[in-house]
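A.B. asks: could you work out the structure for the sequence below:
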Amino acid sequence: MSPTSDVDPSVPHIARMYDYYLGGKDHYQVDAEAAEKVLEALPAVRIAAQANRGFMHRATRYLAAEAGVRQFLDIGTGIPTEPNLHQIAQEQVPSARVVYADNDPLVLAHARALMKGTPEGRTNYIQADATRPQEILDAARATLDFTQPIGLSVIALMNFVPDAYEIITTLTAALAPGSHLVMTHLTADFDPEGVAATATVYRDRGMHCQPRNRSEIAQFFDGLELLEPGVVPIHRWRAPVEPPKSRDAQVPGYAAVARKP
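C.D. replies: Numbers count the residues shown, from 1 in each chain. Next comes the predicted model:
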C-alpha cells in the first residue's frame, strides 16, 4: 500500500491495527507487526474485533428500529468495514443522519469514498481527535440536531485515550434527553496476563492503553439509564444465541448501552 498524505507509515496506529485484526488490507507493515505482537498475547483478538462489530450492529439496529433514534455520532470510526454504522441505521430509517470521526488520515481517505448514505439521510465525516471532544461536537452540529436524541457510539475507543471519563462527560452533556451512549471497553477481568501483555504492546509503541474492570467501566454510565442487560461481556449484549462461557476469555471487553434521561 502506498503512503497517503499526512500518514506516517513508520508508526503503528490503532485504527490500522484494528483493520488487520478484521482481515482488512488497509494497514502498513508496522501496523501488522504490532498487531502480530498483540495476537501473541491475545490469540483470539480477531474474535474480539468481530464481537465489537457485532455489538455495534445490534446496538445501532436497536436504537434506530426500537428506540426512535434518528441521528448517530460515531467516534473512533476506524477503517470502513461493511456494513458500516450508517448502513445499519439507514436500513432501518433511511432518513437517519450519521457523523463519523477519527484522527487517522488513512480513515479519511476511505471515508470520502465509502461512507455514502441514502438519498433521504445524511452521512458526514470529521477528521478529529477524540481527546478534543468539543471540536467534534462543534463540527458535528453542521449535520446533527443536538436538540434531538443522538446515538453516541464509542466502540473499543475509551481504553485508548487518556482522560476518558472527562471526554465522555463532555460528550454526553451536549446530548439531548433520549440520547444513548453505546460503548465497548477493554478489560483484564477475563484474561489478566493476556490483556496486560496487550497493553504493553500498545504502550511500548507510544499508544495509550488502559484496561478497566467492570465497575470502572460502569462509571462511564453514571447519570444515565443502563438498558438491559447492563454492563456485560461484549458478545453477550442481546446476543441472538447465548454464547458459551468459554467465549468470555476470548472477548476481553464489556459492552453497554445507556439512555440519557
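A.B. asks: please count neighbours and contacts with C-alpha atoms only from this point.
C.D. replies: Will do.
A.B. asks: tally up the residues packed near the residue lying closest to Phe160 once chain neighbours are set aside, please.
C.D. replies: Ranked by CA to CA, 6 or more residues apart in numbering and with sequence neighbours excluded, the top spatial neighbour of Phe160 is Cys209, at 4.7 Å. For Cys209, the neighbour count with other CA atoms under 10 Å is 20.
A.B. asks: did I read that right, Cys209 in a strand?
C.D. replies: No - using DSSP: H, G, I helix; E, B strand; the rest coil, the assignment for Cys209 is coil, not a strand.
A.B. asks: the chain: strands as residue ranges?
C.D. replies: 71-75, 97-102, 122-127, 151-154, 180-186, 225-226, 232-233, 253-259 (DSSP state E).
A.B. asks: helices and strands around the lowest-mean-pLDDT helix or strand in the chain, which ones?
C.D. replies: None of the helices or strands of the chain scores lower by mean pLDDT, DSSP states H and E than helix 105-114, at a mean of 74. Packing partners of helix 105-114 (3 or more CA pairs under 8 Å, 6 or more residues apart in numbering; DSSP states H and E): strand 122-127.
A.B. asks: sheet partners, orientation included, of the strand it packs on?
C.D. replies: strand 97-102 (parallel) (DSSP bridges).
A.B. asks: tell me how far the partner strand lies from the chain's centre.
C.D. replies: Remark: strand 97-102 is offset 11 Å from the chain centroid, using CA atoms, centre = their mean, to the nearest Å.
A.B. asks: mean pLDDT lowest for which of the strands of the chain?
C.D. replies: Mean pLDDT is lowest for strand 122-127 out of the strands of the chain, coming in at a mean of 92.
A.B. asks: just the pLDDT at the closest residue to Ser179 other than its chain neighbours, thanks.
C.D. replies: Nearest in space to Ser179, with sequence neighbours left out and distances taken as CA to CA, 6+ apart, is Pro149 at 4.2 Å. We have a pLDDT of 98 for Pro149.
A.B. asks: what segments of this structure are helices?
C.D. replies: With DSSP state H as the definition, the chain shows helices at residue ranges 14-21, 29-41, 45-65, 85-92, 105-114, 133-140, 164-173, 192-204, 214-218.
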